[in-house]
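S.K.: test case, fold it:
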Amino acid sequence: MNGLCVYALLATGGTWLVTALGAAVVIFFRTPGKRAMNLMLGFASGVMIAASFWSLLQPAIERAGEVSKLPAYAVAASGFLFGALFMWGSDKVVGFATKRVDSSAGRPDERLIRIVMLVLSITLHNIPEGLAVGVAFGALDPGNIDPEGLMGAITIAVGIALQNFPEGAAVSLPLRREGCSRMKSFLIGQASGMVEPIAGVIGALLVFYVEAMLPYALSFAAGAMILVAVHELIPECQKDQSEQPYFATMGIVAGFAVMMVMDVMLG
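M.R.: Presented below is the predicted three-dimensional model:
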């Protein structure tokens, strides 16, 4: 493994660590009530919706304008639609599999489907982010590393790392809402970020090939996240809201605002 791959591995290892720190938030919660659970689920939804634009679609459009011969909007739109279709297909496959496993129930386990879809969407989102960090380091000249270019790559890694904190919580908190233990919620939440170091090394090794496909990968992940947030998480957090119908909605707004501020502030 060359030196640039080591840099990429260290940088994406740091982004995974921050994901784990975000997922660890769930450990400090006692068993919360139904309203608090809905608030957490709404927060996760808002984080995912904001991340799908500022962390994924916007960079996809910018990169497509630089590396693709197709119009940037065509690249982003096609990747976005394929991501949504992929998650729709995954939903059908998971539903069929859970129904086969528990044939006595006669219908899929909706709780298990939500858990699988949530973890899959966040994991897909982390892959292009890891690739982006790897490409940033792999594009450096190993024989004469430009300090300005190195700082630019480090800045990208730090920005993605800090954005990963609320994203780690966006996995572990809904899992707790679905009945998982605090430790299991944390372990699954941090595991969603483990793909970043792998993707980072791949990006550094295949920088020229990965850079061309990165806009598609970013927008693909955005489509996946939007479908899960809108189809699975938001309807679930709006259940049993007769007494305080805006409680979970404020969680969505808060999650969106937090992720938007972090994405815009960190560039």
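
S.K.: what sits up against stretch 195-211?
M.R.: 1, 4-5, 7-9, 11-13, 15-16, 19, 63, 67, 123, 126-135, 137-139 (CB atoms under 8 Å, 6 or more residues apart in numbering). Heads up, the C-betas are built off the backbone N, CA and C, glycines and all.

S.K.: buried subset of the residues you listed?
M.R.: 4-5, 7-9, 11-13, 15-16, 19, 63, 123, 126-135, 137-139 (16 or more other CB atoms under 10 Å).

S.K.: among those residues, which are in helices?
M.R.: Of the buried ones among the contacts of stretch 195-211, the ones assigned to helices by DSSP state H are 4-5, 7-9, 11-13, 15-16, 19, 63, 123, 126-135, 137-138.

S.K.: buried residues in the host helix or strand of Ala248?
M.R.: Element membership of Ala248 [criterion: DSSP states H and E] is helix 247-266. Going by neighbour count (16+ other CB under 10 Å), the buried part of helix 247-266 is 247-249, 251-252, 255-256, 258-260, 262-263, 266.

S.K.: same check, this time on stretch 152-169
M.R.: 153-154, 156-169.

S.K.: and which of the residues you listed is nearest Ser55?
M.R.: Gln163 (5.9 Å; CB to CB).

S.K.: ok now the helix or strand where the closest one lies, how far from the chain's centre?
M.R.: Element membership for Gln163 (DSSP H and E) is helix 147-177. Computed by CA atoms, centre = their mean, to the nearest Å, the chain-centroid distance of helix 147-177 equals 10 Å.

S.K.: remind me what that helix packs against, helices and strands.
M.R.: When contacts are defined as 3 or more CB pairs under 8 Å, 6 or more residues apart in numbering; DSSP states H and E, helix 147-177 sits against helix 3-23, helix 34-51, helix 110-138, helix 182-191, helix 247-266.

S.K.: and the second one, C-alpha only, in PDB?
M.R.: Meaning helix 34-51. Extracted in PDB, the C-alpha atoms of helix 34-51 (Å, rounded to 0.1, in the frame of the first residue of the first chain):
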ATOM      1  CA  LYS A  34     -43.000   7.200  23.000                       C
ATOM      2  CA  ARG A  35     -42.900  11.000  22.300                       C
ATOM      3  CA  ALA A  36     -39.200  11.200  22.800                       C
ATOM      4  CA  MET A  37     -38.700   8.200  20.500                       C
ATOM      5  CA  ASN A  38     -40.800   9.900  17.800                       C
ATOM      6  CA  LEU A  39     -38.700  13.000  18.300                       C
ATOM      7  CA  MET A  40     -35.500  11.000  17.700                       C
ATOM      8  CA  LEU A  41     -36.900   9.300  14.600                       C
ATOM      9  CA  GLY A  42     -38.000  12.700  13.300                       C
ATOM     10  CA  PHE A  43     -34.500  14.100  14.000                       C
ATOM     11  CA  ALA A  44     -32.900  11.200  12.100                       C
ATOM     12  CA  SER A  45     -35.300  11.900   9.100                       C
ATOM     13  CA  GLY A  46     -34.300  15.600   9.000                       C
ATOM     14  CA  VAL A  47     -30.600  14.700   9.100                       C
ATOM     15  CA  MET A  48     -31.000  12.300   6.200                       C
ATOM     16  CA  ILE A  49     -33.000  14.800   4.100                       C
ATOM     17  CA  ALA A  50     -30.500  17.600   4.600                       C
ATOM     18  CA  ALA A  51     -27.500  15.300   4.000                       C
END
